[in-house]
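Novice: this one's sequence-less:
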Ligand code: DX5
Ligand code: ZN
């Protein structure tokens, strides 16, 4: 199943609940929440209070993408605030297996994120533990960047591994995924599509989401 994870980084923060409702009417089934600490990435965004504020205004699962140096320190706080999914970057987790265990222990679905330069094969041993793998198709830190095509081979490689290993983790893609790039990521095998600047725009969010999902579904490989 193809899902749109609307990235609130591109929303109008002064009207966040309205923007979230518009994305949901347009068919978004996940809210992607970018957590940036100014160290792992050169930008800062939200903490647990944002997740706590969102929790009562939407039924959609909250997908926290942890762009922070030390995700272990924040697992409990985000879980308590109401996060449903949490993905951590491979590049900062010295004890990735333990971090994933902690995410599960706190009742969230675990994911691992790969920067553009990080190979898929670094995850082979933990793939059976994962609900999802997030393939970055930009260098993390900012919305509105240009899609990096090198993500396509990584998505396809993950889809092959999933098949070979008999697993069912989801493949999420994040960065520059828009109306003109969504077909290729779906064809490569991605099924959780993060989109921020392609979706949120004053008065157009609902329609943007509908159009995006239509293009994504049209590109879905036929089920045999
Ligand atoms: C980038 C973030 C993305 C960002 C995507 O570091 O992880 O989730 O919101 O924005 P767009 O869809 O505009 O590329
Ligand atoms: Zn993200």
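Specialist: It's in. None of these values were measured; they are calculated from a predicted model. Numbers count the residues shown, from 1 in each chain. Ligands and ions are numbered 1, 2, ... in the order given.

Novice: what residues are up against the closest residue in space to residue 37 that isn't next to it in sequence?
Specialist: Leaving aside its chain neighbours, residue 37 sits nearest to residue 68 (4.0 Å; criterion: Cβ to Cβ, 6 or more residues apart in numbering). In short, each C-beta sits where N, CA and C put it, glycine included. Residue 68 is in contact with 35-37, 39-40, 74, 92, counting by Cβ atoms under 8 Å, 6 or more residues apart in numbering.

Novice: could you flag which of the residues you listed are buried?
Specialist: When the contacts of residue 68 are checked for burial by 16 or more other Cβ atoms under 10 Å, the buried set is 35-37, 40, 74, 92.

Novice: who in the chain is up against ligand 2?
Specialist: Within the chain, the positions adjacent to ligand 2 are 34, 65, 174 by Cβ under 5 Å from the ion.

Novice: Among these, the buried ones, what's the PyMOL command?
Specialist: Here is the PyMOL command that selects the buried residues among those (16+ other Cβ under 10 Å):
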select buried, resi 34+65+174
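
Novice: Show only the entries of the residues of the chain next to ligand 2 found in helices.
Specialist: Among the residues of the chain next to ligand 2, DSSP state H puts none in helices.

Novice: ok, so of the residues of the chain next to ligand 2, who is nearest residue 153?
Specialist: Distance to residue 153 across these (Cβ to Cβ) is lowest for residue 174, with 16.2 Å.
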